[in-house]
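S.K.: Sequence plus predicted model, see below.
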Amino acid sequence: MTQATVNSLPTKTHLSVNLNKVALVRNTRHLGIPSVTRAATLCLQAGADGITVHPRPDARHIRADDVRELAALMKAWPDREFNVEGNPFQNLMDCVQDLRERQLPVHQVTFVPDGEDQFTSDHGWNLPADNERLRPLIAQAHALGLRVSLFMDAEPAAMAHAKALGADRIELYTEPYAAAWGTPEQATQLARFAAAAQAALEVGLGVNAGHDLNRDNLAAFVRQVPGVAEVSIGHALIADALELGYTATVQAYQTCLSRD
Ligand SMILES: CC(=O)[C@@H](O)[C@H](O)COP(=O)(O)O
Ligand SMILES: NCC(=O)COP(=O)(O)O
C-alpha cells in the first residue's frame with residue numbers, strides 16, 4: 001500500500017449493532033416487546049457507534065415504522081451512525097427517501113443483493129455484471145446525501161468495479177470467514193479477506209464487514225484484515241445480549257475491536 005493510503009486508514013473500527021433480531025422476537029406477539037427503540041438506546045448508551053437495520057420486503061423483522069422510529073431516535077445521537085441495509089431494487093430506496101422527506105437522519109445505505117424472501121444474506125453483488133443497474137441507484141442515494149456501501153464477497157478483482165460505480169465503501173460478506181473460524185481454513189480465509197480489503201483500500205474505498213461475526217471471531221478479523229472502518233453485528237450480539245444484557249454485550253464487542 002502507498003503511504004498516503006496507510007495514512008488514511010481508520011484508527012478505530014466502529015461497531016454498528018444490527019437490531020433485526022430484536023424486531024423478530026417482538027413480531028411474535030402484538031405487545032411491542034422487546035422494544036427495538038429501547039434496545040437501540042441501551043446499545044448507544046453502552047457505547048455502540050451506530051445502529052443497523054435490514055428492513056426486508058416481507059417485514060419479517062424490521063418494519064417501515066421501526067426504521068422511522070429509529071431514525072427519530074438517532075436525532076438525539078448526532079455523533080452515531082444509522083445504517084439501513086437492503087436491496088435497492090426492492091424496498092430500500094423508498095424507505096430512505098421517506099426518512100429524507102421527514103428530515104430524519106440516515107447516514108449510510110448498504111446495498112445487498114438478496115431475493116425477496118431470502119432466509120438471510122448469503123452473497124455479494126456480481127460486478128461487473130450488476131454494474132449498469134446499480135450505477136443509477138448509487139447516484140440516487142448520493143443525491144439523498146447518503147454514503148453507499150456495497151455488500152461484496154471477498155474478491156479483490158471486484159473492488160475496482162465498485163469504486164468505478166461510485167460506491168463509497170464495500171461491506172465484506174464475512175460468513176465464509178466465520179464458518180472457517182477455528183478450523184485449518186481460518187488462515188486461508190483471513191488472507192482472502194485481507195487481500196480483498198487491501199484491494200478496496202487501494203482504489204479508495206472504505207471497508208465495512210459483517211455477517212456472523214461474533215465475540216470469538218471478531219478480534220482476529222479486525223487485527224488481520226486492514227482498514228476495517230465498521231462492523232455491523234446482529235445475530236450473535238443479540239444472542240449474547242439475551243444472556244449478558246445489552247450493556248455488557250456492547251462493551252464486550254468493543255473490547256474485541258480495541259487495538260490496544
Ligand atoms: C447484509 C447482512 O449480512 C445482514 O443484514 C444479514 O442479512 C442480516 O439479515 P437477517 O437478520 O435477516 O438474517
Ligand atoms: N451487515 C451485517 C449485519 O448487519 C449483521 O449480520 P449478522 O451479525 O446478523 O449476521
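M.R.: On my side now, so go ahead. Ligands and ions are numbered 1, 2, ... in the order given.
S.K.: Around ligand 2, which positions in the stretch 1-150 of the chain sit nearby?
M.R.: Applying C-beta under 6 Å from any ligand atom, one finds that the stretch 1-150 of the chain approaches ligand 2 through Asn18, Thr52, Glu85. (Each C-beta comes from the backbone N, C-alpha and C, glycine too.)
S.K.: The nearest residue in space to the first one that is not next to it in sequence and ligand 2: what is the separation?
M.R.: By that I understand Asn18. Nearest residue to Asn18 in three dimensions, chain neighbours excluded: Gly234, at 2.8 Å (C-beta to C-beta, 6 or more residues apart in numbering). To ligand 2, Gly234 is 3 Å away according to C-beta to the nearest ligand atom, to the nearest Å.
S.K.: which intervals of this structure have sub-threshold pLDDT?
M.R.: In the predicted model of the chain, residues 1-7 satisfy pLDDT under 70.
S.K.: what's the spacing between the longest helix along it and its chain's center?
M.R.: In the chain, with assignment by DSSP state H, the single longest helix is helix 186-202. Computed by C-alpha atoms, centre = their mean, to the nearest Å, the separation of helix 186-202 from the middle of its chain amounts to 18 Å.
S.K.: now do stretch 54-65
M.R.: On C-alpha atoms, centre = their mean, the centre of stretch 54-65 falls 16 Å from the chain's centre.
S.K.: so where do the strands sit in the stretch 51-200 of the chain?
M.R.: 81-86, 108-111, 147-152, 169-173 (DSSP state E, counting those that start in this stretch).
S.K.: May I have the residues that are in contact with the residue nearest to Asn18?
M.R.: Contacts for Gly234 (C-beta atoms under 8 Å, 6 or more residues apart in numbering) come out as Val17, Asn18, Leu19, Asn20, Lys21, Thr52.
S.K.: where does the stretch 151-260 of the chain come near ligand 1, residue by residue?
M.R.: Checking the stretch 151-260 of the chain against ligand 1 by C-beta under 6 Å from any ligand atom, the hits are Phe151, Gly210, His211, Gly234.
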